[in-house]
Structures are given as structure tokens and as C-alpha cells.
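Q: Predicted coordinates and the sequence they were generated for:
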Amino acid sequence: MNKRKFNPSAKGFSKLNLAYLAFCSNLAYESKEKIRLNMESQGFNLERDNYFFSDSVTGTQCFIVGDNKKIIITFRGTEGKVADWVTDIQLFKDTWTNSTPIGQVHKGFYKALQAVFLNIENEINTLRTNNQTIWVTGHSLGGALATLAAATLKFQGSEIHFNGLYTFGQPRLGDRMFANAFNKYLKQKCFRVVNNNDVVSRVPPQIFGYSHVGTLKYFDVNGKLHSDSSLSWWAKFWDRLEGRYDNGFDIIPDDISDHSMDIYQSLSEHT
């Protein structure tokens with residue numbers, strides 16, 4: 001496998017890092033051994049065998065790799081049928097556990113992160129011997145966990161500061177108060193990538209008090225990448241309508257197929 005390029009000192013959005021982290025987010029669905037082989041081919045040393053974290057109760061999985069310039073934390077996303085997961089998603093929220101309340105976050109997502117967070121934090125501290133930059137990523141549920149991990153590092157007193165967060169097709173995860181606090185400090189580091197009609201990016205519904213965070217990066221029906229400031233709500237509405245029309249006779253609905261991490265990776269690598 002060819003070694004992929006990454007800019008560990010990037011400030012703001014980087015198409016190079018978008019493609020690299022899409023590769024990582026897709027790889028998170030593979031076996032531990034396949035993750036090891038792929039990341040070693042990218043120059044990471046995984047001899048310590050502490051790169052993979054899994055919790056059998058919550059189903060949370062992630063892997064962490066690091067070299068002398070960067071550390072990357074990747075959360076695995078939703079397994080099983082996306083339609084079933086969207087239907088069964090719980091809407092309960094918990095108040096953020098912090099000395100200064102900053103809103104509420106999805107109860108299930110929060111518990112899923114807490115199951116592995118201390119181990120992740122310890123591994124970052126072990127790997128960080130050269131003041132490496134820190135990057136967090138994930139697809140679907142993994143994107144929500146990546147965002148909560150970044151927020152936890154910021155708002156719960158950790159000495160670890162991340163440099164960039166890239167998520168793909170992530171659901172909403174907190175209320176407006178949480179979103180406002182997150183965006184005040186972290187929006188310029190957080191890039192939330194959405195592909196056209198991806199249904200997971202629209203749950204839990206806003207009507208239940210959920211809001212998105214970060215800077216939107218939107219792939220239109222033709223695979224062109226837009227920033228949230230460059231595409232109006234009306235333009236996105238018509239673009240999504242076109243996507244549904246083009247998909248009209250496909251077996252898999254557009255809002256489900258657009259959630260595929262394979263598609264996200266392909267779009268990210270060709271943008």
C-alpha cells in the first residue's frame with residue numbers, strides 16, 4: 001500500500017487530512033489485525049499492542065496510532081443496518097458532567113465514550129513524547145464519539161489539546177447550549193462532513209432539542225465539496241431533492257446509501 005500524505009501542522013481545514021482521516025474512519029470497521037497491518041504500512045509502530053480499545057458492554061471501539069509528528073484517534077461507527085439504528089436511536093440526554101454546566105448531550109453516546117475514555121487519555125499521554133499534534137476522527141456513531149472526546153478534552157480539564165476533528169455522517173449529539181459552548185471554542189478545529197442526503201446526519205431530530213456542532217463540509221449530488229458559508233439552506237434543499245430523484249429506481253434509498261463510509265472515503269480522496 002502506498003504511504004498516504006498527512007499535514008500534522010495544518011491550521012484549519014485540509015483536504016489532505018480529510019482524505020487521510022476518511023481512510024482511518026473506514027479502516028475502523030475492519031478487524032484489529034487488518035487495522036494493524038494497514039497502519040504499519042503507513043509508518044506507525046504498533047508493537048506495543050495498545051492501539052486498540054473495545055468495550056463489550058457499550059460496543060465502543062477505537063484505535064490510536066502515533067509517530068513522532070502526530071497522534072490519531074479513530075472511533076468505529078455504527079455496525080448493522082443503518083435504517084434499524086436510526087429507528088431505534090434513543091433521545092434521552094444527560095447534563096454534561098463538568099464544574100461549569102455547558103448543556104446536555106445524548107445519554108447513550110456519552111456512556112459509550114466514558115467506557116473507553118480513560119484508557120484513550122492514558123495511551124495519548126504514553127505516545128506523546130514529542131509534542132505531537134492530535135487528531136480525532138470517526139464515521140456515524142464514531143463521529144459522535146470523536147466529537148464528545150474532543151469536547152471532553154477541552155471542557156473537563158485535560159492537559160491534552162487536540163488540533164483537528166474530522167467526522168463523517170455523524171448524528172446530532174447535544175442541545176443548543178452544548179453546541180454554543182462547543183462552537184465558541186472548537187468550531188474552527190471541527191469539520192463535520194455530510195454527503196448529500198445522509199440520513200444519520202439528520203438524527204436525532206432538532207424538534208427534540210438536538211443541535212449540530214462544528215463547521216459543515218457538504219458533498220453535493222455531484223461530489224463537489226462546499227463549506228457551510230458557501231451553500232444556502234435553499235441550495236442544499238434542491239441538491240438533496242436532485243439526489244433523491246437520481247436515486248429514484250435504486251434498491252437502497254438515497255438517504256441510506258449516502259451514509260456509506262466507502263462513499264465518504266472516495267469523495268474525500270477525489271475532492
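A: Nice, I can see it. Numbering: from 1, shown residues only.
Q: any idea whether residue 144 is helix, strand or coil?
A: helix (DSSP: H, G, I helix; E, B strand; the rest coil).
Q: So residue 71 sits against residue 136, correct?
A: No: using Cβ atoms under 8 Å, residue 71 is not in contact with residue 136; the gap is 9.4 Å. C-beta coordinates here come from the backbone N, C-alpha and C atoms, glycine included.
Q: Compare those two (neighbour count), which wins?
A: Regarding residue 71 and residue 136, a neighbour count based on other Cβ atoms under 10 Å identifies residue 136 as having more, with 30 against 23.
Q: does the more buried one really touch residue 162, like I thought?
A: Yes: counting by Cβ under 8 Å, residue 136 does reach residue 162; the two are 5.5 Å apart.
Q: which residues do the two both contact?
A: Common neighbours of residue 136 and residue 162 (criterion: Cβ atoms under 8 Å, 6 or more residues apart in numbering): residue 150.
Q: wait, is residue 192 part of a strand?
A: Yes: per three-state DSSP, residue 192 lies within a strand segment.
Q: Spatially nearest residue to it, not counting backbone neighbours?
A: residue 214 (4.2 Å; Cβ to Cβ, 6 or more residues apart in numbering).
Q: ditto for residue 218
A: residue 226 (4.7 Å).
Q: so how many other residues sit close to the one you found?
A: So residue 226, with other Cβ under 10 Å, has 16 neighbours.
Q: For residue 13, see how far away it is.
A: Distance, residue 226 to residue 13, using Cβ to Cβ, to the nearest Å: 12 Å.
Q: Identify the contacts common to the two.
A: Counting by Cβ under 8 Å, 6+ apart, the residues touching both residue 226 and residue 13 are residue 217.
Q: what's residue 27 in contact with, if anything?
A: So residue 27 contacts 34, 35, 38, 39, 74 (Cβ under 8 Å, 6+ apart).
Q: Report the buried members of those residues.
A: 35, 38, 39, 74 (16 or more other Cβ atoms under 10 Å).
Q: ok so the first one is a helix residue?
A: Yes: looking at residue 35 with three-state DSSP, it is inside a helix.
Q: my guess is it contacts residue 63, does it?
A: Yes: the criterion here is Cβ under 8 Å, and residue 35 meets it with residue 63 at 5.4 Å.
Q: and the residue nearest to residue 4 when sequence neighbours are not counted, what is it in contact with?
A: Closest residue to residue 4 apart from its sequence neighbours, by Cβ to Cβ, 6+ apart: residue 20 at 5.3 Å. Residues in contact with residue 20 (Cβ under 8 Å, 6+ apart) are 4, 5, 6.
Q: mind checking which helix or strand residue 20 is in?
A: Using DSSP states H and E, residue 20 sits within helix 15-27.
Q: And that helix, what's buried?
A: Under 16+ other Cβ under 10 Å, the buried positions of helix 15-27 are 17, 18, 19, 20, 21, 22, 23, 24, 25, 26, 27.
Q: what's the distance between the first one and residue 212?
A: According to Cβ to Cβ, residue 17 stands 21 Å off from residue 212.
Q: could you pull out the strands for the stretch 101-250 of the chain?
A: 104-106, 133-139, 164-168, 190-195, 215-219, 225-227 (DSSP state E, counting those that start in this stretch).
Q: Quick one: closest of these to residue 177.
A: strand 104-106 (7.2 Å; Cβ to Cβ).
Q: Return the distance of that closest one from the chain's centre.
A: 16 Å (Cα atoms, centre = their mean, to the nearest Å).
Q: Spit out the contact partners of residue 261.
A: By Cβ under 8 Å, 6+ apart, the neighbours of residue 261 are 22, 25, 26, 29, 77, 139, 140, 168, 169.
Q: Could you dump the buried ones among the contacts of residue 27 into CSV with pLDDT, secondary structure and distance to residue 203 added?
A: Below are the buried ones among the contacts of residue 27 laid out as CSV (pLDDT from 0 to 100; DSSP: H, G, I helix; E, B strand; the rest coil; distance: Cβ to Cβ, whole Å):
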residue, pLDDT, secondary structure, distance to residue 203
35, 95, helix, 28
38, 96, helix, 30
39, 96, helix, 31
74, 98, strand, 22
